[in-house]
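A.B. asks: this is a predicted model, with the sequence first.
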Amino acid sequence: MQPDGLIAELQQKNPKAFERIYERYSESTFGIIYSIVNEQTIAEEILQDVFIKVWNNAESYDASKGRFFTWLLNIARNTAIDATRSKSFKNTKKNLTADYFVDILEEKNSFSSKVDAIGIKKYIEVLKPICKKIIDLLYFKGFTQVDASKELEMPLGTLKTRNRNCINKLREILVP
């Protein structure tokens, strides 16, 4: 079945279509969530929340505004960021595990491994260094645009414009 037909069935609340969408997108969605929260059980819970949101809000997806996968990943990213801002998440991070510190020490390599985990490393590698930094902060580390602009010491408007240009360049690469 074509993705558009599958999405239309999902919007009509067809459980079989939902199952196929979950099978198709859950692994890559989990990768994005995990890269933000860095904890298996929390990422699994967020993944479940994301797909509940997809089921409940499927009719709000509009193909003329973008691809379904992009819509889904934005839901996942926002849900994961919201979870990291919650009081319970912050409390669990008060007693950090050794794995967390190992990840911090290996931060130089974290972008490459996270990007490679979802299979787009070869596409991101051809982008300009500033695009790599922006995509890493916004999409893999869960920074807000405000936080990323501070981290990169760049005005917010400039960051937004560069982000849009970087994503458009990535689209050109992915969809020739």
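C.D. replies: Ah, there it is.

A.B. asks: for this protein, what spans make up the helices?
C.D. replies: Using DSSP state H, the helices of the chain run over 3-11, 15-37, 40-57, 68-85, 87-92, 98-105, 107-117, 121-124, 129-135, 145-151, 156-174.

A.B. asks: TSV please, covering the ones you listed and showing mean pLDDT and mean neighbour count.
C.D. replies: Where you see a C-beta, it was placed from the backbone N, CA and C, and this is true even at glycine. Below are these laid out as TSV (pLDDT from 0 to 100; neighbours: other C-beta atoms under 10 Å):
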stretch	mean pLDDT	mean neighbour count
helix 3-11	85	16
helix 15-37	91	18
helix 40-57	94	16
helix 68-85	91	18
helix 87-92	63	11
helix 98-105	46	11
helix 107-117	50	15
helix 121-124	75	14
helix 129-135	88	18
helix 145-151	90	15
helix 156-174	88	14
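
A.B. asks: let me see the domain layout of the chain.
C.D. replies: Per automatic domain parsing, the structural domains of the chain span 1-95, 106-176.

A.B. asks: any idea how far Leu47 is from Gln40?
C.D. replies: Remark: distance between Leu47 and Gln40 (C-beta to C-beta, to the nearest Å) = 11 Å.

A.B. asks: tell me, how many residues neighbour the residue nearest to Gln11 when sequence neighbours are not counted?
C.D. replies: Leaving aside its sequence neighbours, Gln11 sits nearest to Ala58 (C-beta to C-beta, 6 or more residues apart in numbering; 4.7 Å). The number of residues packed near Ala58 is 21, by other C-beta atoms under 10 Å.

A.B. asks: distance check, Ala58 against Asn74.
C.D. replies: Ala58 is 14 Å from Asn74, where distance means C-beta to C-beta.

A.B. asks: just give me the neighbour total for the residue lying closest to Lys133 once chain neighbours are set aside.
C.D. replies: Closest residue to Lys133 apart from its sequence neighbours, by C-beta to C-beta, 6+ apart: Leu152 at 6.4 Å. For Leu152, the count of nearby residues is 16 (other C-beta under 10 Å).

A.B. asks: next: Tyr139.
C.D. replies: By other C-beta under 10 Å, the residues close to Tyr139 number 21.
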